[in-house]
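Student: fold the following, please.
(chains A and B)
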Amino acid sequence: MNSKNHIKELLEKYFEGETSIAEEQQLKAYFNGEQIAEELLPYQDLFQYFKIAKEVNFDKKISLSKSAKVSKLTPRNKTFTWLSVAASIALVIGLWFFYPSETTSDQVAEIDWSQYEPDDPEEALEYTIAAMKLLSGKLNGGAKKAAKELDRMADIEEVILKQKIR
Amino acid sequence: MTKREFQQAVAPIRDKLYRFALRMMNNIPEAEDVVQEVLIKLWQQRERLLQVTNLEAWSVRMTRNVSVDKLRTRKQTDDVDQLVNVETDLRTPDLLAEEKDTFLIVQQAIQELPEKQRLVMHLRDIEEHSYQEIAEALEMPMNQVKVNLFRARKKVREVLLKSKIQ
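Tutor: Got it, this is the predicted structure:
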């Protein structure tokens, strides 16, 4: 029954996925037995493993009381929660420190001009006149400078003319 | 449902759920956590259990969901931890007693399969379930169960033979 050829046949059938549970049990029995044909030895570990792996038992006692619900399963999750809490605190502190320093050092702070705006019309007029005076002062300054330059040009012209005559 | 009735109902499947969780989590303490959570959830829904037609398939689905959630939080919280755990020796004391490194090759080959293939192979080759039962527990059409099983066995065979050559 458990001749080498029969087992070889079963083995091929097994790897084709066509054996029944009874046939697979035959294979397990053969490979867990004493006499195994040499050419079939490579498959011994496989079927011995199947048998051994089924003998693994769950020996732990489990309490079904309510407290058991949170037992043992939580530490890993707890560290994760604490980590995330710590991470968010670090993030907030980080933002607190980095955000303002960045704006003062690298960027020109934006000025809220509205606070300098005058609220009564007379004051506004004064400001406008002052501004215009400043502007005209600058413009006049420009004109004076231009006139001065023109005078110098005239002087130079005069010198040149005098030389030509000579 | 009394505590005793509950324990009687759950006793035949708790080892199975643990083995399934191990297959999902690839890590002993986490698999224990999963089973604990599943058993507590089952206890909280104990009144419904009486109406469940297939408690085993139902619990396997629940184990899978709890594991998926756990894997998700594991990804979020401790990627670094996990890097260390990838090579975890999954041999429980039962397997260690055998002192066979070759089992580690088989085990790793199975653990490295895509999830669906890994779970189908586990439920078939270790737990000896019918295709129908697997389809129900994994919420998968029957032909998908067969395809995944075929691929899983093919891949594991390849790894196994390769390791024998070296």
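
Student: just give the number of residues close to B:Gln117.
Tutor: Other residues lying near B:Gln117 total 21 when counted by other Cβ atoms under 10 Å in any protein chain shown. All C-beta atoms are positioned from the backbone trio N, CA, C, and that covers glycine.

Student: same check, this time on A:Phe50
Tutor: 23.

Student: low-confidence regions, chain A specifically.
Tutor: Along chain A, the parts satisfying pLDDT under 70 run over A:1-2, A:65-80, A:98-109, A:166.

Student: kindly recompute the last result at 90.
Tutor: A:1-4, A:34-35, A:56-166 (pLDDT under 90).

Student: what about the helices in it?
Tutor: For chain A, helices defined by DSSP state H occupy the ranges A:4-16, A:21-31, A:44-53, A:74-106, A:121-165.

Student: most tightly packed of these?
Tutor: helix A:44-53 (a mean of 21; mean count of other Cβ atoms under 10 Å in any protein chain shown).

Student: packing partners of that one?
Tutor: The contact analysis (3 or more Cβ pairs under 8 Å, 6 or more residues apart in numbering or on different chains; DSSP states H and E) places helix A:44-53 against helix A:21-31, helix B:93-98, helix B:101-111, helix B:142-165.

Student: what angle sits between that helix and helix A:4-16?
Tutor: Angular relation of helix A:44-53 and helix A:4-16 on a 0 to 180 degree scale: 70 degrees, by axes from the mean of the first three to the mean of the last three Cα atoms, to 10 degrees.

Student: can I get the helices and strands packed on helix A:44-53 in TSV including distance to B:Lys3?
Tutor: Formatted as TSV, the helices and strands packed on helix A:44-53 follow (distance: least, Cβ to Cβ, whole Å):
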stretch	distance to B:Lys3
helix A:21-31	34
helix B:93-98	28
helix B:101-111	35
helix B:142-165	36
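
Student: least reliable of the ones you listed by average pLDDT, please.
Tutor: Lowest mean pLDDT within those: helix B:93-98, a mean of 56.

Student: about what we covered before: so for B:Thr2, which of the helices and strands packed on helix A:44-53 sits nearest?
Tutor: Closest of the helices and strands packed on helix A:44-53 to B:Thr2 is helix B:93-98, at 31.7 Å (criterion: Cβ to Cβ).

Student: what is the burial count for residue 35?
Tutor: You didn't say which chain, so I picked chain A. For A:Gln35, using other Cβ under 10 Å, the count is 7.

Student: wrong one, chain B
Tutor: 26.

Student: on that earlier part again, so for B:Glu37, which of the helices of chain A sits nearest?
Tutor: helix A:74-106 (11.1 Å).

Student: do you know which of the helices of chain A lies nearest B:His129?
Tutor: Evaluated over those, closeness to B:His129 peaks at helix A:21-31, with 8.2 Å, by Cβ to Cβ.

Student: hmm, who's touching that closest one?
Tutor: With contacts defined as Cβ atoms under 8 Å, 6 or more residues apart in numbering or on different chains, helix A:21-31 is touched by A:2, A:7, A:10-11, A:13-14, A:19, A:36, A:40, A:43-44, A:46-48, A:50-51, B:124-125, B:128, B:130.

Student: now do stretch A:32-47
Tutor: Outside stretch A:32-47, the residues within contact range by Cβ under 8 Å, 6+ apart are A:2, A:4, A:7-8, A:11, A:27-28, A:30-31, A:48, A:51, B:100, B:102-103, B:105-106, B:156-157, B:160-161, B:164.

Student: may I ask which helix or strand of chain B has the lowest mean pLDDT?
Tutor: Least confident element among the helices and strands of chain B, by mean pLDDT, DSSP states H and E: helix B:79-85 (a mean of 51).

Student: neighbours of B:Pro114, just the number please.
Tutor: B:Pro114: 11 neighbours (other Cβ under 10 Å).

Student: now do whichever strand or helix holds B:Asp33: distance to the chain's middle.
Tutor: Counting by DSSP states H and E, the element that carries B:Asp33 is helix B:28-44. Here helix B:28-44 is found 13 Å from its chain centre; the criterion is Cα atoms, centre = their mean, to the nearest Å.

Student: name the helices or strands packed onto that helix?
Tutor: If you count contacts as 3+ Cβ pairs under 8 Å, 6+ apart, helix B:28-44 packs onto helix B:3-25, helix B:55-77.

Student: for A:Leu161, find the nearest of the ones you listed.
Tutor: Among the helices and strands packed on helix B:28-44, the nearest to A:Leu161 by Cβ to Cβ is helix B:55-77 (94.5 Å).

Student: helices or strands next to the closest one in the packing?
Tutor: helix A:74-106, helix B:3-25, helix B:28-44, helix B:79-85, helix B:131-138.

Student: let's see it at 10 Å
Tutor: Packing partners of helix B:55-77 (3 or more Cβ pairs under 10 Å, 6 or more residues apart in numbering or on different chains; DSSP states H and E): helix A:74-106, helix B:3-25, helix B:28-44, helix B:46-49, helix B:79-85, helix B:115-121, helix B:131-138.

Student: residues contacting the residue nearest to B:Val120 when sequence neighbours are not counted?
Tutor: Distances taken as Cβ to Cβ, 6 or more residues apart in numbering or on different chains put B:Asn148 closest to B:Val120, at 4.2 Å, once the chain neighbours are dropped. Listed by Cβ atoms under 10 Å, 6 or more residues apart in numbering or on different chains, the contact partners of B:Asn148 are A:17, B:113-121, B:124, B:134, B:138, B:140.
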